[in-house]
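Asker: sharing a model prediction with you, sequence too.
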Amino acid sequence: MLNKKVLIIVGIAILVKLKLLNLNILGVEGQCGVCNTTIHYACLSKTQFARCNDTFWDLTTVDECPKHSVCNLSLPLKHQKTPCFDSHTHHGEIVKESCKNEPLMFKLPKLKPEDEPAVGQCGVCNTTIHYACLSKTQFARCNDTFWDLTTVDECPKHSVCNLSLPLKHRDKPCFDSHTHHGKIVMESCKNEPLMFKLPKLKPEDEPAVGQCGVCNTTIHYACLSKPQFARCNDTFWDLTTVDECPKHSVCNLSLPLKHQETPCFDSHTHHGEIVMETCKNELLMFKLPTMKPEDQPFDPTTFCSDRSVGLFPHPTNLDCSYYVRCFVENSINMGAVLMCPGSSRFNPYKRLCDISEKCQT
């Protein structure tokens, strides 16, 4: 009898252990493409990850894990800065990746925040004017703190994107580089135009088929072209879920999904009526391409690393309206770019902003 009880207890223990192991195998990896709100990261592929802003991953922070490591969202970061774990060394156990897919075929450039408060922060939404600069001449509309990829546009010739100047009568953050109160306007971003442009998805005139490129918050999908669609996270469509409808079917946001998983409908079989597509444009010509990082923008801290404390001429600013302040913080040489007030110019001999007729270089 005793042996029977022991066997039952051992059997239950084994079942519990197996159950826990099963849960561990299924749940330890976290959810691919979804932000872990504890560690503020999302895994985008086996080896790629991004920082999260609330529940949205920030496209400008996409990065890759070191060789022989994988992205895992469930393990505590502790002393490490990223969710990358060697697949064989975490307490002697094999670490499973959160995403099963291979690296995504895109990488947006790491838009380094500029050290010049006068020109705004590259790639970051200005919440006053609701725009972000993406390159010297490119900009996008912002929805809260996220820039809307469907609104990427370019400034006119001889003008640059600047986030710090008031728009006033303008409808976009583009300024002629020589005509704003006679001063040279500095661009917010140092990088050349990004090598992509998503199409401008024009809203359709037919409310019956939904709005092209806009998330349907009932079914949580957006149509991006006649046959393409993506899952939505709130009102943003998730670029990692872009997919295509089967042959002879179209994406339609207005019809109920019922027993189907995607907003794809055969164009001739829905109750005998022709199904209208939500988007009129053909297939989008992306996955996003691999972007090159910025080519060594001016870094005031590097500039000040071998200089004493003080004020110095900005080496790339030709009209002397900007200067570099070198200072020490926590025993480290630091630098910042500042703008002279009004119409004054930086005098390199006096080491201060001075009212002068021309720039002294």
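Answerer: Nice, thanks for sending it over. Numbers count the residues shown, from 1 in each chain.
Asker: what about the strands in the stretch 251-361 of the chain?
Answerer: Assigned by DSSP state E, counting those that start in this stretch, the strands in the stretch 251-361 of the chain fall at 264-266, 310-313, 322-329, 332-339, 345-347, 352-354.
Asker: same for the fifth one, what does it pack against?
Answerer: What that stands for is strand 345-347. If you count contacts as 3 or more CB pairs under 8 Å, 6 or more residues apart in numbering; DSSP states H and E, strand 345-347 packs onto strand 352-354. Every C-beta, even on glycine, is put in place using the N, C-alpha and C of the backbone.
Asker: how about the strand it packs on, which residues are buried there?
Answerer: residue 353 (16 or more other CB atoms under 10 Å).
Asker: now what about it, what contacts it?
Answerer: Residues outside strand 352-354 that contact it (CB atoms under 8 Å, 6 or more residues apart in numbering) are 311, 323, 340-341, 344-347.
Asker: just checking: what are the partner strands of that strand?
Answerer: strand 345-347 (antiparallel) (DSSP bridges).
Asker: still on that earlier bit, hey, which of the strands of the stretch 251-361 of the chain is tucked in deepest?
Answerer: Mean neighbour count, computed with mean count of other CB atoms under 10 Å, is highest for strand 345-347 among the strands of the stretch 251-361 of the chain, reaching a mean of 23.
Asker: which residues touch that one?
Answerer: Counting by CB under 8 Å, 6+ apart, strand 345-347 makes contact with 311, 313-314, 319-323, 340, 352-356, 358-360, all of which sit outside it.
Asker: pull the CA atoms of stretch 238-253 into CSV?
Answerer: Only the C-alpha atoms of stretch 238-253 are listed here, as CSV (Å, rounded to 0.1, in the frame of the first residue of the first chain):
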residue,chain,number,x,y,z
ASP,A,238,3.4,46.3,-37.7
LEU,A,239,6.0,46.2,-40.4
THR,A,240,7.1,42.7,-39.4
THR,A,241,3.7,41.2,-40.3
VAL,A,242,3.3,42.5,-43.9
ASP,A,243,1.9,39.6,-45.9
GLU,A,244,0.2,39.0,-49.2
CYS,A,245,-3.3,37.7,-50.1
PRO,A,246,-3.6,34.5,-52.1
LYS,A,247,-3.9,34.7,-55.9
HIS,A,248,-7.2,36.1,-57.2
SER,A,249,-8.1,37.6,-53.9
VAL,A,250,-7.9,41.2,-52.6
CYS,A,251,-7.5,43.0,-49.2
ASN,A,252,-10.8,44.4,-48.0
LEU,A,253,-11.2,46.0,-44.5
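Asker: which parts of it are buried?
Answerer: Within stretch 238-253, the residues that count as buried by 16+ other CB under 10 Å are 238-240, 242, 244-245, 249-253.
Asker: now those residues as CSV including pLDDT, secondary structure and distance to residue 264?
Answerer: Shown next, in CSV, are these (pLDDT from 0 to 100; DSSP: H, G, I helix; E, B strand; the rest coil; distance: CB to CB, whole Å):
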residue, pLDDT, secondary structure, distance to residue 264
238, 71, coil, 17
239, 66, helix, 19
240, 65, helix, 19
242, 78, coil, 13
244, 86, strand, 9
245, 90, coil, 4
249, 89, strand, 5
250, 90, strand, 7
251, 91, strand, 6
252, 89, coil, 8
253, 87, coil, 11
